[in-house]
Every structure is written in C-alpha cells, then in structure tokens.
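[1] what's the 3D shape of this:
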Amino acid sequence: MPNSTGSTSQSGTTSRFAIDGLHPGQVAAPETVEEATALLKEANAQNWSVVPFGSGSKQQVGNALKRYDIALSLERFDRILEFEPQDLVVKVQSGCRLAALQDCLAQHGLYLPIDPPWRDTATMGGIVSAHDSGPLRFAHGTVRDYLIGISLIQPDGAWTKFGSRVVKNVTGYDMCKLYTGAFGTLGVLLDFYFKLKPLPPFERTVVVKMKGFAEAAQAIAKLSISSLFPSAVEWLNPAAFEFVNRSLELTRGEPGYAVVVRFGDVENSVQWQVEQLEKLWNGLTAQGVIISDGREQSLVWQVLREDSPWLEGGSSNAKLKVNCLPSHLAATAQRLEAVGKVLNAQTRLKAHAGSGIIRAYFSFDASTSTAERFPQELANLRAALRAARGTAIAESVPASWKDGIDVWGYDFKDKALMQQIRQQYDPCRILNPGRFVV
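    Residues are numbered from 1 along each chain as shown. This is a model prediction of the structure:
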C-alpha cells in the first residue's frame, strides 16, 4: 500500500478509524491536494478500497463495508480558505468542523443556517456527504441549498471543481447537488463555497405540552396553514418530551405530546408571532412556556438537535430516520410507536414537523429477541411508507444486525439511474464499497 504522508498501519493507531468493528489496513493523512490525488490514483490502479474520513461522526451510518484497505483522513484539510463578510460567501475545506466555521462567521453577524447533529465534531465534508440536517431545515433548507461550489478528487485521481464563489443562476446541471448526499461514493470532497445568511437579531422559543395526540396533530395542521413563519417546529411524543424535561425541566406533571417552536427575526415580528401562536392554539394546550434567555434557548435546541444523548445505552439502541409527507406525520408516528410496542422497546420520537422527518430512537431490553424481529418490523414499516415514497433508514443499529438488513431500504425507480452514475464514476467500487444505496 502507498506510504503517504501521515499514514500508519499499526492497529493501535487505526482504532479511531474503525467502522462497525472493522479496522483499515492503513491510514493516510495527506497534507496537499497532490498527495491526495496520488493516493487515489494508486488505489484505483491497485483496486484498494478507500474510505474518506473526517471526524467519524457519520461513520456509523450505512451498510457494512465489503472491504476496508485505506482510511483517507482529511484532518489536515481543516482551514477556512476565503471569507469576505460583505460577500456573504465562505470557502472552507472539508475537514473543517462546523462549530469552528460557525464561531468564525458569528463574529461578523453571519452563519451557515444548518444545524445537523454532532455540531461540535462534524466536519463540513461529512455533513455534505451525508446531507445531514436538523430543526432549522424547516425554514432554511439543507446544506444542499447553500452549496455553490465544490472541488473534489474523483476515484481515478482526477482533480475536479464545479461552481464558484459567485451566486448566480446558470443553464445546465448543478453538479454540487450530485455529490451532496452521495456518501463519499463519487469522489473525495476537498473544499466548498457556501452562501451565508445574517444571524437573526432576536429569537424566542415556545415549548407547549398539548392536551393529547389529537390536539398535537391539530396544532401542527393549524400552524402549517397560518401566516406565521417559524424557523423550526419540533414535535415530540411523551417519551421524548420526558427525556427533554429530565434535563431542562420545561413543564411539570405527566409527560405528553409536545411541540417546540422557534422564531427568529426582528423583535417586533417575533413578539407578534408568539402572541398569534397563543391565539392559534387556544384550547389545544395543557402547559406552555416561552423561553427568552439565549443560553436556555441554546440548551433546548442542542438537546433537540443532537443524537448522542438519545443514543445512550450503546449496543441496545437503534435509530431510524423516517421520511414521510408532512401531512402523514401523525399517522407515521403512531405506526412507529406500534413498532416499538411489538419490539418491547422504549420509543422516543422527535420530528421536524414541517419537513416530515421523524427520528425514532428505540431502547431495547438486551434479553429480548429483538434482533430476530427487527428486520421484519422494518420491512413492514417500509412497505407501508413506500406508497407515498416514504423511506426508513436504519441510521444507527448494532453492527451485528447489519448482516440481516439493508440499512437504506431504498427501492425506487431512480435507483437504476444511481447505479449507472456510480458505475460511470467509480467502476472499480473503491470508494466506500458496500456502504451506500448503490
């Protein structure tokens, strides 16, 4: 194997790069584009499998690797390359952590309006590759909507770039979108241009416990057709709200279905929207609290955004990311709670209500035969979702379960097109072999 800068093959130093218990044969940490290009060329010629690696925050997602020869660490590609605040554009390398980028932008009153899980550790390359998102998706979209330029190394070692730092409309294909969400199977991402937004000058968070499930569904439906424009709307089932309350103590009494709404704008607009929300939900709520303190708001959204607290318990936990139509969210949530009962699991559901994305966390009793029942329940759930093009991704499951399930479960007509693109870009299947849909 290549003897690239910063590479090693000792088992002790490869442990950080293990995926589902599988260690790479070697770790390579190139310092320059030229070194990374040479590595990819040799890997392609020798048919060595390569896994691009940032902080590792997304590496638990995906099917089991078929082979794992080289972990290509991008830890040395961690700089902000260009930033002129007045242009509302930043160029950043793929190994730069989102937290470091946001801290830099905030000093100039700007931010990249995304809030995926693992904020403190996730790198920009991992976020783009996984197309990860959080509560702010409701109002601001995803990282795909802010990516205007990208450079990468293709599997054969060719260095390529698309887009630019100029925000403009052009005729042709938006190649940036092709690589977003491709899970590192079409190229090794090096750097990006992102367009930015000003930080909201004023924010309020409203936490409301509803009278029941029906009232929570009505509240979401009313909000969706109102004139209000929140930046995030999160829906929680009782088990999830109890989990949030355990550390934040937002409401008292028995846990119930809850909705958390975030407003960000000029002060008069936010105050008006909070008042209108109270009128809109009159008769549906059991308890409510308005959070104005910035630190307290930050803690609330940290708990709602992050995955790590919800996955406590390690190997006895599983997480599904379910995509459905926003209008189907209530029915899908009920179905997920029914799955939890069949599996004898505690089921915590938190959903981006306006986006139709539900994150379902199951905590199992280790003594049950859950591993045997889980694949069938997952298959039944996917069959029910498929009619409306819904999906259920097993984002986090014990590694031993991956032999019996397809993590992605993606079976739509465009899968054939995805296979053709993969074949054209990476015919030898050297990048993340077996991990993704194709």
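
[2] can you pull out the helices in the stretch 301-438 of the chain?
    Ranges of helices in the stretch 301-438 of the chain, per DSSP state H, counting those that start in this stretch, are 329-342, 370-386, 415-425.

[3] ok, and which of those helices has the densest surroundings?
    For these, average neighbour numbers computed from mean count of other Cβ atoms under 10 Å are highest in helix 329-342, which has a mean of 18. Backbone N, C-alpha and C define where each C-beta goes, glycine included.

[4] Which elements pack onto that one?
    On a contact count with 3 or more Cβ pairs under 8 Å, 6 or more residues apart in numbering; DSSP states H and E, helix 329-342 meets helix 213-224, strand 317-323, strand 345-352, strand 357-364, helix 370-386.

[5] Which among these is found nearest to residue 285?
    Nearest to residue 285, of all the helices and strands packed on helix 329-342, is helix 213-224, at 7.5 Å by Cβ to Cβ.

[6] Work out the gap between the closest one and the centre of the chain.
    Helix 213-224 sits 25 Å away from the centroid of its parent chain (Cα atoms, centre = their mean, to the nearest Å).

[7] Tell me which strands the next helix or strand after that helix pairs with, and in which orientation.
    Using DSSP states H and E, the helix or strand that follows helix 213-224 in sequence is strand 232-236. Strand 232-236 sits in its sheet next to strand 258-265 (antiparallel), strand 345-352 (antiparallel), going by DSSP bridges.

[8] next helix or strand past strand 232-236?
    Remark: after strand 232-236, the chain's next helix or strand is helix 238-248, criterion DSSP H and E.

[9] tell me what that following helix is packed against?
    So helix 238-248, by 3+ Cβ pairs under 8 Å, 6+ apart, packs with helix 294-305, strand 345-352.

[10] re earlier: save the strands paired with strand 232-236 as a markdown table, and put in mean neighbour count too.
    A markdown table is the format used below for the strands paired with strand 232-236 (neighbours: other Cβ atoms under 10 Å):
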| stretch | mean neighbour count |
| --- | --- |
| strand 258-265 | 24 |
| strand 345-352 | 23 |
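
[11] picking up where we left off before, of the helices of the stretch 301-438 of the chain, which approaches residue 89 most closely?
    Judging these by Cβ to Cβ, what sits closest to residue 89 is helix 415-425, at 27.4 Å.

[12] Return the distance of residue 269 relative to residue 228.
    10 Å (Cβ to Cβ, to the nearest Å).

[13] anything in contact with each of those two?
    residue 263 (Cβ atoms under 8 Å, 6 or more residues apart in numbering).

[14] List the contacts of the residue nearest to residue 401 when sequence neighbours are not counted.
    Computed as Cβ to Cβ, 6 or more residues apart in numbering, the closest residue to residue 401 that is not its neighbour in sequence is residue 371, at 5.7 Å. By Cβ under 8 Å, 6+ apart, residue 371 lies in contact with 398, 400-401, 404.

[15] isn't residue 96 right next to residue 80, touching?
    Yes. Look at residue 96 against residue 80 with Cβ atoms under 8 Å: they come within range, at 6.3 Å.

[16] more neighbours, these two?
    residue 96 (23 against 16; other Cβ atoms under 10 Å).

[17] Apart from its neighbours in sequence, what residue is nearest that one?
    Using Cβ to Cβ, 6+ apart, the nearest residue to residue 96 is residue 78, at 4.9 Å.

[18] Ok, residue 152 next?
    Nearest one to residue 152, counting by Cβ to Cβ, 6+ apart, is residue 187 at 3.9 Å.

[19] so how many other residues sit close to that neighbour?
    Neighbour number of residue 187 under other Cβ under 10 Å is 25.

[20] ok, now how distant is it from residue 104?
    26 Å.

[21] Could you do residue 54 as well?
    Distance, residue 54 to residue 104, using Cβ to Cβ: 18 Å.

[22] More neighbours: those two, which one.
    Set side by side, residue 54 and residue 104 show more neighbours around residue 54, with 26 against 16, by other Cβ under 10 Å.

[23] what comes into contact with stretch 220-236?
    Residues contacting stretch 220-236 (Cβ under 8 Å, 6+ apart): 135-140, 200, 203, 216, 244, 257-265, 273, 276-277, 280-281, 301, 304, 326, 329-330, 333, 349-354.

[24] May I see the buried residues of that stretch?
    220, 223, 228, 230-236 (16 or more other Cβ atoms under 10 Å).

[25] Show me which pair in the residues you listed is furthest apart.
    228 and 236 (19.4 Å).

[26] which residues does residue 99 contact?
    Residue 99 neighbours (Cβ under 8 Å, 6+ apart): 119-121.

[27] switch to 6 Å and redo it
    Counting by Cβ atoms under 6 Å, 6 or more residues apart in numbering, residue 99 makes contact with 119-120.

[28] my guess is it is in a helix, correct?
    Yes. Counting by DSSP: H, G, I helix; E, B strand; the rest coil, residue 99 falls inside a helix.

[29] ok, it to residue 43 distance?
    Distance, residue 99 to residue 43, by Cβ to Cβ: 31 Å.

[30] Next: residue 64.
    From residue 64 across to residue 43, the span is 20 Å (Cβ to Cβ).

[31] same question, residue 186
    Distance, residue 186 to residue 43, using Cβ to Cβ: 15 Å.

[32] Phi first, then psi, for the nearest residue in space to residue 88 that is not next to it in sequence.
    Once flanking residues are discounted, residue 88 sits nearest to residue 196: 4.6 Å by Cβ to Cβ, 6+ apart. The phi and psi torsions at residue 196 (degrees, to the nearest 10) take the values phi -120, psi 170.

[33] mind checking how far residue 196 is from residue 101?
    For residue 196, the distance to residue 101 - Cβ to Cβ - is 10 Å.

[34] distance between the ends of stretch 382-391?
    6 Å (Cα to Cα, to the nearest Å).

[35] likewise stretch 15-30?
    Stretch 15-30 end-to-end distance (Cα to Cα) = 19 Å.
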